[in-house]
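Peer 1: here is a sequence with its predicted model. Questions after.
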Amino acid sequence: MSPESDSALVDRARSGDVRAFQRLFERHARPMHAVCARLLGDSIAAEDAVQEAFLKAHRRLDQFDGRAAFSTWLHRIAVNTSIEMLRRRQSATDDSEEVLAEAVDVHADPSLGVSQSELVRGVGAALQQLTTLERSVFVLRHLEQRSLHEIALLLSSNVNACKQAIFRAVRKLRAQLAHLEASVP
């Protein structure tokens, strides 16, 4: 027997079936956590964001109209929740080295002159200098491999605005990381 579709589970959850919503949570929590962790740079904060996003989704289940896939709608709530959390802690610096270590594919090679930990620290510090929008679009595009259309949909924006934000983010990151590039022979 094939697994029940998201739309069938949503219909059951709307009718008050708690088990149906629990199955939606089990199905989508892990991918949402990955996205939130990359945006927030912190696995524990990502758990909070996922919980908050699912609470919001549960409260707004009647607003899901089915024009997009449930996973897309839920992903959008998770991204927006993560962005809200980033804005709340904008002045505080977070430690995103663990997430970046997974995202940066550089092997420690003495001939490179720059160790992986130096690179991760540099990228982490550079990402913190980006605006929330720039950091969000950069993570979604380059770490999550999302299309421009998906990013625009997730951020309630248009494709051109997302392209511009990605361009600004890459330009700022290149400028901030130029000193690391200069130390590579």
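Peer 2: Happy to help now that I have it. Numbering: from 1, shown residues only.

Peer 1: switch to C-alpha atoms for all contacts and neighbour counts from now on
Peer 2: OK.

Peer 1: could you look up the SS state of the closest residue in space to H28 that isn't next to it in sequence?
Peer 2: In space, and not counting its chain neighbours, H28 is closest to S71: 7.2 Å by Cα to Cα, 6 or more residues apart in numbering. Secondary structure for S71, judged by DSSP: H, G, I helix; E, B strand; the rest coil, is helix.

Peer 1: centre-most residue in this protein?
Peer 2: The centre of the chain sits closest to V35, judged by Cα atoms, centre = their mean, with a distance of 3.4 Å.

Peer 1: the closest residue to V123 other than its chain neighbours and A169, how far apart?
Peer 2: Distances taken as Cα to Cα, 6+ apart put L177 closest to V123, at 7.1 Å, once the chain neighbours are dropped. From L177 over to A169 the distance is 12 Å, taken as Cα to Cα, to the nearest Å.

Peer 1: same deal with L24?
Peer 2: In this view, L24 and A169 are 34 Å apart by Cα to Cα.

Peer 1: quick one: which of those two has more around it?
Peer 2: Between L24 and A169, counting by other Cα atoms under 10 Å, A169 is the more crowded of the two (24 against 20).

Peer 1: ok, and the closest non-adjacent residue to that one?
Peer 2: Using Cα to Cα, 6+ apart and skipping residues adjacent in sequence, the residue nearest A169 is E134, 5.2 Å away.

Peer 1: tell me how far the helix or strand encompassing the one you found is from the chain's mean position?
Peer 2: Assigned by DSSP states H and E, E134 belongs to helix 132-138. Helix 132-138 sits 9 Å away from the centroid of its parent chain (Cα atoms, centre = their mean, to the nearest Å).

Peer 1: give the other helices and strands that it contacts.
Peer 2: Helix 132-138 makes packing contacts with helix 70-88, helix 159-182 when contacts are defined by 3 or more Cα pairs under 8 Å, 6 or more residues apart in numbering; DSSP states H and E.
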